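K.L.:
Any chance you could fold what I've pasted below:
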Amino acid sequence: MKNQEEIERQIDETVGALEGIERAEPRSFFYTRLEAKMDFRRTQQRYAPIPKFMVRPTFVWSFLALVVLLNVGVVIRFSQKTISQPQNASSFAKEYGLNTLDSNL
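P.N.:
A predicted model of the protein is given here:
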């Protein structure tokens with residue numbers, strides 16, 4: 001029985017402690033900040049098709065550097081002139097079969 005009385009005493013102390021508790025109040029401007037956060041997340045969902053890692057500066061600068069390097073490579077490759085054998089009139093005529101004497105002129 002002593003155990004039962006001890007349990008009831010602890011229950012009464014706990015209930016007594018709970019009676020003095022007041023309702024918690026939010027910090028000032030809580031609802032304003034909450035609405036701002038909800039609006040921000042709503043606008044972020046519009047841009048959801050773009051993955052987050054693609055808008056980071058590291059990715060953007062790396063991508064731009066890659067594009068510039070590719071452009072420089074293409075310019076260098078096509079700016080080099082190919083060295084070909086000099087063609088004269090006889091090699092041109094031979095290539096197109098114009099060296100025959102029977103022409104329709």
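K.L.:
alpha carbons only for contacts and neighbour counts from here, please
P.N.:
Will do.
K.L.:
Determine the longest helix present in the protein.
P.N.:
helix 57-79 (DSSP state H).
K.L.:
neighbours around Gln44, how many?
P.N.:
10 (other Cα atoms under 10 Å).
K.L.:
what does Leu98 give?
P.N.:
Leu98 has 13 nearby residues by other Cα under 10 Å.
K.L.:
Verify the contact between Phe59 and Phe53 for me.
P.N.:
Yes - Phe59 is in contact with Phe53 according to Cα atoms under 8 Å; the separation is 7.0 Å.
K.L.:
ok, which stretches of this protein are helices?
P.N.:
Under DSSP H, the chain gives helices at 2-19, 30-46, 57-79, 89-95.
K.L.:
These into JSON lines, with extra columns for mean pLDDT?
P.N.:
Formatted as JSON lines, the helices of the chain follow (pLDDT from 0 to 100):
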{"stretch": "helix 2-19", "mean pLDDT": "85"}
{"stretch": "helix 30-46", "mean pLDDT": "84"}
{"stretch": "helix 57-79", "mean pLDDT": "92"}
{"stretch": "helix 89-95", "mean pLDDT": "76"}
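K.L.:
Now the longest helix of the chain - C-alpha only, CSV.
P.N.:
C-alpha atoms of helix 57-79 as CSV (Å, rounded to 0.1, in the frame of the first residue of the first chain):
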residue,chain,number,x,y,z
PRO,A,57,28.5,29.6,-58.9
THR,A,58,31.0,26.8,-59.1
PHE,A,59,29.0,24.9,-61.7
VAL,A,60,28.2,28.1,-63.7
TRP,A,61,31.9,29.2,-63.9
SER,A,62,33.0,25.7,-64.7
PHE,A,63,30.5,25.4,-67.5
LEU,A,64,31.5,28.8,-68.9
ALA,A,65,35.1,27.9,-68.8
LEU,A,66,34.4,24.6,-70.7
VAL,A,67,32.4,26.6,-73.4
VAL,A,68,35.3,29.1,-73.8
LEU,A,69,37.9,26.3,-74.1
LEU,A,70,35.8,24.5,-76.7
ASN,A,71,35.5,27.7,-78.7
VAL,A,72,39.2,28.3,-78.5
GLY,A,73,39.9,24.8,-79.6
VAL,A,74,37.6,25.1,-82.6
VAL,A,75,39.1,28.5,-83.6
ILE,A,76,42.6,27.1,-83.4
ARG,A,77,41.7,23.9,-85.4
PHE,A,78,40.0,25.8,-88.2
SER,A,79,42.4,28.6,-88.4
